[in-house]
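Chemist: Provide a 3D model corresponding to the input given below.
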Amino acid sequence: MNYNNVKFYTSVGNINGFLTDERLKSGLTPEIAFSGHSNVGKSTLINKLIGRKSLARVSATPGKTATVNFYECDGIYIVDLPGYGYAKVSKAEQLKWRKLLDGYLQRDISLVVQLIDIRHKPTADDLTMINYLIDIEQPFIIVFTKNDKLSQSQRKVRMQAFAEEIPQFEDIRKINFSSITGEGVDELREIIEMVTGEEENMSKFLYDNYGVNEAGHLTISGVDAIDIAAEYGTPVCVIDEGVFRDNCRRFKTSMDENYGQGLVCFASKALLCKEIARWVNDEGLGIDIVSEGELYTALSVDFPTDKICYHGSNKTDRELLYALEKNVKHIVVDNLTELKKLDGFAKDAGKTANIMFRVKPGIDAHTHDLIKTGQIDSKFGFALETGEAFEAVKTAIASENINLTGLHCHIGSQIFDIEAFELAAETMLQFIAKIKNELSFEISELNLGGGFGIKYLETDDPAPFETYMERVSVRTKAVCEALKIKQPFILIEPGRSIAGPAGTTLYTVGAVKNIPGIRTYVSVDGGMTDNPRYSLYKAKYTIENASKANDDKTEVISLAGRCCETDLLGEHMPLQMTEPGDVIAMFSTGAYVYAMASGYNMIPKLPLVAVKDGKARLIVKRQTIEQLTANDL
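Modeler: Down below sits the predicted model:
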């Protein structure tokens, strides 16, 4: 079961309202139910299970307004029931609560996960619930929580107490759960996948915003991909607004919960237009820009300049002056030449430039050589190993019109190894401590960059964003405490991980060329002009024949582009039987595809179409031949 792609639903109301919830009446029937006392830790366990942290707090009293949380994983629904507390309410309220339980448990739920706090003796509430489950012959398991609070011997004593109180205790499947180590989560996942028939329910697509309609066509957020191709032409880049915004929210929520304060800046080089900038601003994120054009685009929709980070390894004088003029809060300085120029420009303007230094922490991120950026042999930033970064800090402190607020690092892209991010954070914090101890200067901000990997192939296994945020924050806090420094204000810069999964590129097949014993070329009406990533570094993608999405993939093909060049979009790609006129969908193309499109071979740039809730709309028009040649003299 793919827990990385989880839809989240909430039903709020009184107890009777739960039983008449419109989604339940329309068939939203949970297969797994989590039950337990109000303070037993259901939310913690579910969030560990699906890789998110505190999507919502469940707190309810029978008879009063409460919350029921639903999670959807690959079409399987999990319900987190409000915590019970029979002992605190009247008999009448207990009957209402029983009605709620009956309402859910009689919906053919495959499994109830009954949580019990192991620190205490069995409560009357726990015993009532377990006896009830036994009486109605409901399959259930017991998960003991709060294990971290007890020693091994204390756990043994508690288990014996439960065995004396709970009927058939020895025959009940039991799991010990640790909220710190995550012990028990993998075992629970195995049980859930077994009872729900995970093999049968596994989605055939990388992400769950895709589907297949009655015509056998691929759908994106409920919109027929063939209809999109017919209305807007191909090639066309389709962005799922819901997925994009949800990724923004997940990062922001995780930042707030793990650091208390911080700023998530969308790396706009991954994908930028005016509408994308509006979405980013709507969701409360900052934005990371690398050029005058990107800054202009952000400012054109009134993006707040105090939430803009201006990067670039060789900013022009014009760009530096523009950033100063618009009062960009974070100018990330890459080299001493830039620092000296900026100091002079700020003096002439009567301003102080707020800057960060980009530092190379010397971390090997285990990714493609062409997208590594944090090692010493990189064009970006100041090296730690040589003392270059420390000397730059001393220069900045001594500069009259420079205010050094922070440090920045970015170790690469499409990284799955969380330890590399932890190590980068620790290295940067050690440098901050060195600056404080040797220069008596306190760095107040630390930008840890981006580079979080996404799923391009079924074999890719990126950790959920929330796992990254939790682990790096834990390391950050521990290192700050050990070094006796104040935790800096944290910034991060996800780009691909927000936009990538939201994007799908659609192409129309022009020809199919089979070379017996060699390969089959499927030629489409796009190519390296709209996606140069395969040409640059053999980037791999998953594709689907959107016209025949119900069919099995029986062919292995090379997807050929239209450019007069060795233009391939991929090789060794499984695909359904395909013929001219079919529409091909390429997944995970929201990042570094439209943004890297070119006019090579004088081919106009493709359009951007947003989809949401079953509707499509144009957010960037297709470039015309006239626009392509408009500047010719």
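Chemist: surely residue 506 meets residue 233?
Modeler: No. Using C-beta atoms under 8 Å, residue 506 is not in contact with residue 233, being 9.2 Å away. For the C-beta atoms, the positions are set from N, CA and C on the backbone; glycine is no exception.
Chemist: Among these two, which residue is more densely surrounded?
Modeler: Looking at residue 506 and residue 233 with other C-beta atoms under 10 Å, you find the greater number of neighbours at residue 506, namely 28 against 14.
Chemist: Could you verify that the more buried one is part of a helix?
Modeler: No. When DSSP: H, G, I helix; E, B strand; the rest coil is applied, residue 506 is found to be strand, with no helix at that position.
Chemist: and it, what does it touch?
Modeler: For residue 506, the residues meeting the contact criterion (C-beta atoms under 8 Å, 6 or more residues apart in numbering) are 225, 228-229, 234-236, 238, 546, 583-586.
Chemist: how does it look with 6 Å?
Modeler: Residues in contact with residue 506 (C-beta atoms under 6 Å, 6 or more residues apart in numbering) are 225, 229, 234, 236, 583, 585.
Chemist: buried subset of those?
Modeler: Among the contacts of residue 506, the ones that count as buried by 16 or more other C-beta atoms under 10 Å are 225, 229, 234, 236, 583, 585.
Chemist: Take those residues and lay them out in CSV including pLDDT, distance to residue 163 and secondary structure.
Modeler: As requested, these are exported to CSV (pLDDT from 0 to 100; distance: C-beta to C-beta, whole Å; DSSP: H, G, I helix; E, B strand; the rest coil):
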residue, pLDDT, distance to residue 163, secondary structure
225, 98, 56, helix
229, 98, 63, helix
234, 98, 65, coil
236, 98, 63, strand
583, 98, 61, strand
585, 98, 55, strand
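Chemist: so can I have CSV of those residues showing distance to residue 512?
Modeler: Below are the buried ones among the contacts of residue 506 laid out as CSV (distance: C-beta to C-beta, whole Å):
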residue, distance to residue 512
225, 19
229, 18
234, 16
236, 21
583, 14
585, 17
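Chemist: Among the residues you listed, which one lies nearest to residue 117?
Modeler: Checking these against residue 117 with C-beta to C-beta, the nearest one is residue 585 at 48.1 Å.
Chemist: The closest one is in contact with residue 504, isn't it?
Modeler: Yes. In terms of C-beta atoms under 6 Å, residue 585 counts as a neighbour of residue 504; the distance is 5.4 Å.
Chemist: From what I see, residue 333 and residue 354 are in contact.
Modeler: No. When contacts are counted by C-beta under 6 Å, residue 333 is not listed as touching residue 354 (10.5 Å).
Chemist: Looking at these two, which has the bigger crowd around it?
Modeler: A count of neighbours by other C-beta under 10 Å puts residue 333 above the other of residue 333 and residue 354, at 29 against 18.
Chemist: tell me the phi and psi of the more buried one?
Modeler: For residue 333, the backbone dihedrals (degrees, to the nearest 10) come out as phi -80, psi 130.
Chemist: separation between it and residue 300?
Modeler: Distance, residue 333 to residue 300, using C-beta to C-beta, to the nearest Å: 25 Å.
Chemist: Let me know the secondary structure of the nearest residue to residue 442 once chain neighbours are set aside.
Modeler: Nearest residue to residue 442 in three dimensions, chain neighbours excluded: residue 436, at 5.6 Å (C-beta to C-beta, 6 or more residues apart in numbering). At residue 436 the chain is in helix, as set by three-state DSSP.
Chemist: Need the pLDDT of residue 436.
Modeler: With respect to pLDDT, residue 436 scores 97.
Chemist: Could you report the neighbour count for it?
Modeler: Around residue 436 there are 16 residues (other C-beta under 10 Å).
Chemist: Roughly how far does it sit from residue 430?
Modeler: For residue 436, the distance to residue 430 (C-beta to C-beta) stands at 11 Å.
Chemist: Now do the strands in the stretch 101-250 of the chain.
Modeler: Under the criterion DSSP state E, counting those that start in this stretch, the stretch 101-250 of the chain carries strands at the ranges 111-117, 140-145, 174-176, 210-212, 218-220, 223-224, 236-240.
Chemist: Assess the claim that residue 476 and residue 427 are in contact.
Modeler: No. With contacts defined as C-beta under 6 Å, residue 476 does not count as touching residue 427, sitting 11.6 Å away.
Chemist: Can you check the pLDDT for residue 76?
Modeler: At residue 76 the predicted local distance difference test score is 66.
Chemist: what is residue 620 paired to in the beta sheet?
Modeler: Here residue 620 sits in beta bridges with residue 608, as judged by DSSP bridges.
Chemist: so what's it up against?
Modeler: 273, 607-608.
Chemist: For those residues, please prepare a markdown table with the additional fields distance to residue 344 and neighbour count.
Modeler: Formatted as a markdown table, the entries for these read as follows, by distance: C-beta to C-beta, whole Å; neighbours: other C-beta atoms under 10 Å:
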| residue | distance to residue 344 | neighbour count |
| --- | --- | --- |
| 273 | 34 | 17 |
| 607 | 43 | 19 |
| 608 | 40 | 22 |
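Chemist: Save those residues as TSV, and put in distance to residue 492 too.
Modeler: Conversion of these to TSV gives the following (distance: C-beta to C-beta, whole Å):
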residue	distance to residue 492
273	22
607	30
608	25
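Chemist: Out of the residues you listed, which is nearest to residue 632?
Modeler: Proximity of these to residue 632 was ranked by C-beta to C-beta; the top entry is residue 607 with 22.3 Å.
Chemist: Was I right to think the closest one contacts residue 622?
Modeler: Yes. Under the criterion of C-beta under 6 Å, residue 607 is in contact with residue 622, at a separation of 4.0 Å.
Chemist: Check the gap between residue 572 and residue 558 for me.
Modeler: According to C-beta to C-beta, residue 572 and residue 558 sit 7 Å apart.
Chemist: More neighbours: which of these two?
Modeler: Between residue 572 and residue 558, counted using other C-beta under 10 Å, the more crowded position is residue 558 (18 against 9).
Chemist: Wasn't the more buried one part of a strand?
Modeler: Yes. Counting by three-state DSSP, residue 558 is located in a strand.
Chemist: tell me the contacts of it?
Modeler: Contacts here follow C-beta under 6 Å, 6+ apart; on that basis residue 558 touches 519, 521, 568, 571.
Chemist: what bridges to it?
Modeler: Judged by DSSP bridges, the bridge partners of residue 558 are residue 521.
Chemist: how much space is there between it and residue 534?
Modeler: With C-beta to C-beta as the criterion, residue 558 and residue 534 are 10 Å apart.
Chemist: Tell me the residues that contact both of these two, please.
Modeler: Overlap between the contact sets of residue 558 and residue 534, as judged by C-beta under 6 Å, 6+ apart, is given by residue 568.
Chemist: Next, count neighbours for the nearest residue to residue 232 once chain neighbours are set aside.
Modeler: Once flanking residues are discounted, residue 232 sits nearest to residue 609: 5.3 Å by C-beta to C-beta, 6+ apart. Residue crowding around residue 609 was assessed by other C-beta under 10 Å; the count is 23.
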